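**Q** here is a sequence with its predicted model. Questions after.
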Amino acid sequence: MGDGAKEGICESNSQIHPTGQHPDGMSALAARKPTDSPTRPARPGRPARVNAQAIIRAAIEIGLEGVTLKQVADRLGVAVPTLYRHVRNRDELVRLAAFQITLARAMPQAAGLHWSELAQRYAESLFESFMAEPQLIGELLRGRLGPHAEVDVLEQFLAALAPHGFTLEEGAQLFHAIGMITIGAAAGSIGLAASTASGQSWIAEMRRTLTERDPAELPRVRRVLPALLETESIPWQHALQRLLAGIAAARGEELPAPALPRKSDRES
């Protein structure tokens, strides 16, 4: 390549905005050519191609406690502005990396487990992970927790269910059903805890609301509410058991007798 061509490429790269956009609107990644290796130091005119998963993996390898965007960029062979196309700042990168580590730990060992026990243990681990890191719920609602961590766990989940006769579609449906139950329960439990901590518990507010309404109003709510007011957490395990029982019935099976309650069982 001639010197003039090299200068043209370098000048073009110098005009890339920190958001990852070229002045003409083309994304920086679309304008770049991949290098032979994502960890090879960048060469003028040929920045390495990266994605969110590569950035997260690099941060985990470096160590989350003191990782910086500069360290991640150096490890991937790119400039720091390239990272901003995938993460907003260091805090978001650390949260995403922590979430990936959490999900990886949420997948239990499958050896010797009935498929329903595998599903239940995964659900418990996922629930406890969100309870331990409540900010992850907010990140999820904002659309900042992408699929790059989830897909690895899904792959393991599908592989664990395959020997039990589940098709890929059936396994994926169960995986997402567990996610909806446990994440919804975690969000509700976190909300209950926050309202109690603020001095305005949901239970107290519900009682006050019913007192303010005419006694003839809401007869059905008044009949069912006493049982709900006795709990300080979301009884999500019952919903999960009904889900698993329905799947077992459709497969012509019966669920095994429940084992001794684990920690999350006692808390719910």
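**A** Yep, that arrived.

**Q** mind listing what's buried in the strand or helix carrying residue 152?
**A** Residue 152 is located in helix 147-161, with elements delineated by DSSP states H and E. Within helix 147-161, the residues that count as buried by 16 or more other CB atoms under 10 Å are 148, 149, 150, 153, 154, 156, 157, 158, 160, 161. (Each C-beta comes from the backbone N, C-alpha and C, glycine too.)

**Q** greatest separation within these: which pair is it?
**A** Farthest pair in those (CB to CB) is 148 and 161. Separation: 21.9 Å.

**Q** on that earlier part again, the helix holding residue 152 packs against which elements?
**A** Applying 3 or more CB pairs under 8 Å, 6 or more residues apart in numbering; DSSP states H and E, we find helix 147-161 packed against helix 52-62, helix 90-106, helix 115-132, helix 168-197.

**Q** adding distance to residue 73, mean pLDDT and mean neighbour count, write those helices out as JSON lines.
**A** JSON lines is the format used below for those (distance: least, CB to CB, whole Å; pLDDT from 0 to 100; neighbours: other CB atoms under 10 Å):
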{"stretch": "helix 52-62", "distance to residue 73": "9", "mean pLDDT": "90", "mean neighbour count": "19"}
{"stretch": "helix 90-106", "distance to residue 73": "11", "mean pLDDT": "77", "mean neighbour count": "18"}
{"stretch": "helix 115-132", "distance to residue 73": "29", "mean pLDDT": "88", "mean neighbour count": "21"}
{"stretch": "helix 168-197", "distance to residue 73": "32", "mean pLDDT": "89", "mean neighbour count": "16"}
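
**Q** may I see those arranged in JSON lines, with distance to residue 83 as well?
**A** Below are the helices and strands packed on helix 147-161 laid out as JSON lines (distance: least, CB to CB, whole Å):
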{"stretch": "helix 52-62", "distance to residue 83": "6"}
{"stretch": "helix 90-106", "distance to residue 83": "8"}
{"stretch": "helix 115-132", "distance to residue 83": "25"}
{"stretch": "helix 168-197", "distance to residue 83": "28"}
